[in-house]
Every structure is written in C-alpha cells, then in structure tokens.
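A.B. asks: need a 3D model of the following:
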Amino acid sequence: METKVLSLVITVISGLVISSCSINYLSKKGIYKELDAETFSKEIQKDSVNVIDVRTPGEFEKSHINGAWNVSYIGGSYSKKLDTLSLDPSLPTYIYCETQHRSLFAAKKLYKAGFKIIIDLDKGMMYYRKKGFPYYRSDSLN
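C.D. replies: Predicted coordinates:
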C-alpha cells in the first residue's frame, strides 16, 4: 500500500514539474519568446547578452553566429557544460539550433538553471543562413 501511494505521489509531482516548465508556461511568464531572424540578428549585437548555439560541435564548426557559445544539447552533458561557462543568467540569453527543435528543450533547461530571459531564433540557423544574415562559415565564404 505504501509503495503504491509513494509511486502515485512521485507521478503527480513529476507531472507538475514537467507541465510547469512547458514553453507555453515560460512564454506566459515572459521568460521565453521567439524572434524572427532579422530581429534576432539585431538583438544579439547588444553588449550585455548571452548567445548559445545548442547544436553539436560538428554543426557549430561548419557555421555559427559569431560570439556564440557552443553548448550541445545532444550528448547528455548540456547542464554540466552550462555550469563551466561564465554566463550571467540575469542577462537576455539568445539560443538557437538548426531548425528550432532542440532549442525548445534547451530553453526549458536554461530556465531550470536560473536563466531569466530566453530568446529563441524562430525557424533556427537554417533559416537564418538562408535569409543571408551574418555568421561564421568554415569555408570562409560568408
């Protein structure tokens, strides 16, 4: 009986934690928002911001936004890597991945790590490059 009750309590608490950290919840609280590529490109030029590329090191090496930190969401060391960087969680934190799928999950972890303002690149780096915004490219053509 006690095991069933404990299991039910853990399930309920887990569900509350997961649902309380949804992107919709973060958006309503003013913690998370998405920006189009043009606005994102302008905003990251400000002095006091964090810029995080959550793609793999290989993707980052091929192309990335200048000044971005590479903190790959894939591989299980995302939170550990965040802890090793000197990022200020009170500053606006701009994040992106290739197509805006991983960055949604990364945003939730940033929130759990204490980041207060999280801005995601709408449609990701693929769209950013396609629209011709500035970035580092390993073949030095851009």
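A.B. asks: past the lowest-mean-pLDDT helix or strand in the chain, which element shows up next along the chain?
C.D. replies: Here the helix or strand of the chain ranked lowest by mean pLDDT, DSSP states H and E is helix 2-20, holding a mean of 51. Later in the chain than helix 2-20, the nearest helix or strand by DSSP states H and E is helix 23-28.
A.B. asks: what strands flank whichever helix or strand comes after that following helix, and is each parallel or antiparallel?
C.D. replies: Later in the chain than helix 23-28, the nearest helix or strand by DSSP H and E is strand 32-35. Neighbouring strands of strand 32-35 in its sheet, by DSSP bridges, are strand 117-121 (parallel).
A.B. asks: contact partners of the strand it pairs with?
C.D. replies: Contact partners of strand 117-121, identified using CB atoms under 8 Å, 6 or more residues apart in numbering, comprise 26, 31-35, 37, 40, 43, 91-96, 100, 103-104, 107, 110-111, 127-128. Glycine gets a C-beta too; all of them are placed from N, C-alpha and C.
A.B. asks: switch the cut-off to 6 Å
C.D. replies: If you take CB atoms under 6 Å, 6 or more residues apart in numbering as the criterion, strand 117-121 is touched by 31-35, 40, 92-96, 103, 107, 110.
A.B. asks: next one: stretch 35-50
C.D. replies: 51, 87, 91-94, 119, 121-122, 127-128, 131, 133.
A.B. asks: that one: end-to-end distance?
C.D. replies: 15 Å (CA to CA, to the nearest Å).
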